[in-house]
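Engineer: Give me coordinates for this.
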Amino acid sequence: MKKKENILAVRKVTYAVVAAVIALIYFGAAYITEFKMSEGIAAFPGAFLWIAENLMPDEQAISRIPKILSKLLETTLLSVAVTVFAAVCAFLFSLLGTRTTKINPIIGKAVRIVAAFFRNVPDVVWAMLLMFSFGQNILTGFLALFFTTFGLLTRAFIETIDEVSSSCVEALNATGANFIQCVFQGIIPSSLTGIVSWVLYMIETNIRSSTLIGMLTATGIGYLFDMYYKMLQFPSAGLIVLFMVILVIVIEGISNKIRRVIM
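Structural biologist: Numbers count the residues shown, from 1 in each chain. The predicted model follows:
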């Protein structure tokens, strides 16, 4: 009984310390940046009023729908192409990094380090770096999204394979199966559901990210939004935001339906 009371007391102290640290970080950051929550909350009514007055589509914005849809399709197809290509490369690379295949501990460690590097550098940073070499074009956007997606999916695939495929591969190894047989008869069938789920998640993520990347690389729907915004054509920019929200909801709905089918 006393042990339980001591454990509860320690937990209460721990929670109190964590809460105090979080509050200290928040108030310290707010003081340094001169951020005032009360002023932010008070600005909400005015912000919504400005949106209602300036971002509602007008006749000129509606006439631009074909162009907006064309750029939206370009952005969507780019995101899908990047994700699929990165997924194929990441799967092949993850076979070298997973402990399930037992290729080589040194190679596996190197693969994980490379994946961590690409994953932890944001796609926006990649875009800014690549613009120096490739300029503002669709190739820059493709590579920026690819590097981050490749790193994230490699790490995710390694964890997925290690989690669900180890027992299958061990059984196949016991029967004398070679590496190729282990991959096609053990790893792919057992980890396919998790791999597909990660690919669908990255398609959703890249569609969102590609809008910001497009602003930097002057391509896709991001460039169109940036152009209308800088020209103070807010109704057209607002229409782009509306179509982006609809696209993200549709893609998420399709992804959820595919997940329910394969799981």
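
Engineer: From now on I want contacts and neighbour counts done on CA atoms only, so please keep to that.
Structural biologist: OK.

Engineer: so where's the protein uncertain?
Structural biologist: 1-6, 165, 263 (pLDDT under 70).

Engineer: for it, what spans make up the helices?
Structural biologist: Counting by DSSP state H, the chain has helices at residues 2-33, 37-42, 44-54, 59-63, 65-97, 105-120, 123-134, 138-164, 166-174, 179-182, 188-217, 220-230, 234-262.

Engineer: ranking these by burial, who's on top?
Structural biologist: helix 138-164 (a mean of 23; mean count of other CA atoms under 10 Å).

Engineer: mind giving me the domain split of the chain?
Structural biologist: The record's domain split for the chain, according to automatic domain parsing, is 2-39, 58-262.

Engineer: Distance from the chain centre to the last one, please.
Structural biologist: Translated: domain 58-262. On the basis of CA atoms, centre = their mean, to the nearest Å, domain 58-262 is displaced by 7 Å from the centre of the chain it belongs to.

Engineer: ok, now stretch 54-62?
Structural biologist: Centroid displacement of stretch 54-62 relative to its chain, using CA atoms, centre = their mean, is 31 Å.

Engineer: For P122, see how far away the nearest residue to V114 once chain neighbours are set aside is.
Structural biologist: With CA to CA, 6 or more residues apart in numbering as the measure, G151 is the residue that lies nearest to V114, at 7.4 Å, once sequence neighbours are left out. Noted for G151: a distance of 11 Å to P122, by CA to CA, to the nearest Å.

Engineer: again with L78
Structural biologist: L78 sits 18 Å away from P122, taking CA to CA as the criterion.

Engineer: for S210, same thing?
Structural biologist: 12 Å.

Engineer: again with W50
Structural biologist: Using CA to CA, one obtains 32 Å as the distance from W50 to P122.

Engineer: one step back: mind checking which of the domains of the chain is nearest P45?
Structural biologist: Distance to P45, taken as CA to CA, is lowest for domain 2-39 among the domains of the chain, at 11.4 Å.

Engineer: so what's the closest residue to V80 other than its chain neighbours up against?
Structural biologist: Nearest-residue entry for V80: I203, 5.8 Å, with adjacent residues in sequence omitted and distances by CA to CA, 6+ apart. Taking CA atoms under 8 Å, 6 or more residues apart in numbering as the definition of contact, the neighbours of I203 are S79, V80, T83.
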